[in-house]
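Student: Can you look at this prediction? I've put the sequence above it.
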Amino acid sequence: MDTGVVVVLLVLILVALVALIVVVLRRRPPAAPPAPSGMPRDPFEAADLPAGDPRAIKAGDMVEYLGVRYFVRGSLRIREGGFTWAEHLLDADTAAGEKVWISVEEDPDLEVVWWTGREIGDLKPDAKLIEVDGVSYRRDEHGTATYESEGTTGVGVQGQVEYVDYEGPGGRYLSFERYGGGTWELGTGEKVPAGTMTIYPGS
């Protein structure tokens, strides 16, 4: 057989094989999507954030916020009916040793509020509107909850806390609390933007 004819036959066979492969691949059913694994997850879930999960804060941890580091001295685990939240006492790692509180709750989204105690003066939690430092706060919630204390908090190991919460503009809050029927304490709060606070777990 002539060499040229052999080459032509080989080329034709090769073209036929390529055409056959293309047809087979086109007829193959598309791959099924991967099966979902459990419940759908929130892509912004706090546990996945590099700054740490505020819901896991406990006595002995360290928190960094606005360039200042704070030690978590103690925590209050608070429950009212089926609703739970936490409040943590922080001690600044500075010469002044400023003490502040943060609250962590889900309702339903995770919310962290930075609280600073202030003199109550003649303010009482009995008005619908209260103005403090030029900011007007509207009464939002009032209730009585039970708490359990961990570490150093300045209150008993367990007991009751009454609270009256006010909400202001721009993520600002005002809160009255009294433990075990004692005197009212007052604090002003500001919402902590996600990712601005870094948590260092203690040992």
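Tutor: Yes, it's here. Numbers count the residues shown, from 1 in each chain.
Student: Run through the helices of this structure in chain order.
Tutor: In the chain, the helices defined using DSSP state H lie at 3-27.
Student: For it, give me the ranges with low pLDDT.
Tutor: 1-2, 4-8, 11, 15, 18-20, 22-25, 27-50 (pLDDT under 70).
Student: Is it correct that A59 is in contact with S203?
Tutor: No - between A59 and S203 there is no contact under C-beta atoms under 8 Å: 11.5 Å. All C-beta atoms are positioned from the backbone trio N, CA, C, and that covers glycine.
Student: Which of those two has more residues huddled nearby?
Tutor: Neighbour count, other C-beta atoms under 10 Å: between A59 and S203, A59 has more, with 17 against 4.
Student: what about the more buried one, distance to V68?
Tutor: 19 Å (C-beta to C-beta, to the nearest Å).
Student: Q160 now?
Tutor: From Q160 to V68 the distance is 33 Å (C-beta to C-beta).
Student: Can you give the distance from stretch 59-77 to the centre of its chain?
Tutor: With C-alpha atoms, centre = their mean, to the nearest Å as the basis, the distance from the averaged C-alpha position of stretch 59-77 to the chain average is 15 Å.
Student: repeat for stretch 112-127
Tutor: Worked out by C-alpha atoms, centre = their mean, stretch 112-127 lies 24 Å from the chain centre.
Student: Name the single longest strand found in this protein.
Tutor: Longest strand of the chain, by residue count under DSSP state E: strand 135-151.
Student: Going by neighbour count, list what's buried in it.
Tutor: Y137, R139, A145, Y147, S149, E150 (16 or more other C-beta atoms under 10 Å).
Student: closest to A92 among these?
Tutor: E150 (19.8 Å; C-beta to C-beta).
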